[in-house]
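Student: Provide a 3D model corresponding to the input given below.
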Amino acid sequence: MMSDFLPKEVREGLEMARKNALRKKNRLRVRAGDDVYPVLRFWHSGFALDADEAPHLRGLVDVYDGARHMYQALIVASSEEGGELIFEFKRNTAAVDKAPLDFYRDENAPIALLPR
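Tutor: Now for the predicted structure:
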């Protein structure tokens, strides 16, 4: 590999630049308790965080796109590859801003009733 011939400082600088580019490109964040970590990569079965910044998280976390709450997920750290901690979803539930209905609502039903 070409990077094997580069000095250590140059390789570290390139790796830091790659992580910064991923962090700026991606608005996704993971919130675990009061701590928030930027997501470097995200896919349907998991995500990756910077191994230097994130601890080995486990359990319930919330995933945000900017300020919008997207998912509530149960996660487990699976591996570390190339300076990234890889997490897998055990459960991933889409966040909703209102409680689900427990009855069928006809789409042509009136919104409100006017008093007589």
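Student: mind listing the strands for this structure?
Tutor: Secondary structure of the chain (DSSP state E): strands at 28-32, 35-43, 46-50, 58-65, 68-81, 84-94.
Student: just those: most buried one?
Tutor: strand 46-50 (a mean of 21; mean count of other Cβ atoms under 10 Å). From N, CA and C alone the C-beta is placed, and that goes for glycine too.
Student: packing partners for it?
Tutor: Where contact means 3 or more Cβ pairs under 8 Å, 6 or more residues apart in numbering; DSSP states H and E, strand 46-50 is packed against strand 28-32, strand 35-43, strand 84-94.
Student: which of those strands sits closest to residue 64?
Tutor: Using Cβ to Cβ as the measure, strand 28-32 is the one of the helices and strands packed on strand 46-50 that comes nearest residue 64, at 4.7 Å.
Student: residues in contact with that closest one?
Tutor: Contact with strand 28-32 is made by 36-39, 42, 47, 49, 54, 57, 59-65, 70, as judged by Cβ atoms under 8 Å, 6 or more residues apart in numbering.
Student: go on, stretch 42-57?
Tutor: The contact list for stretch 42-57, computed with Cβ under 8 Å, 6+ apart, reads 19, 23, 26, 28, 30, 32, 37-41, 63, 75, 77-78, 80, 83-89.
Student: fine, thanks again, bye for now.
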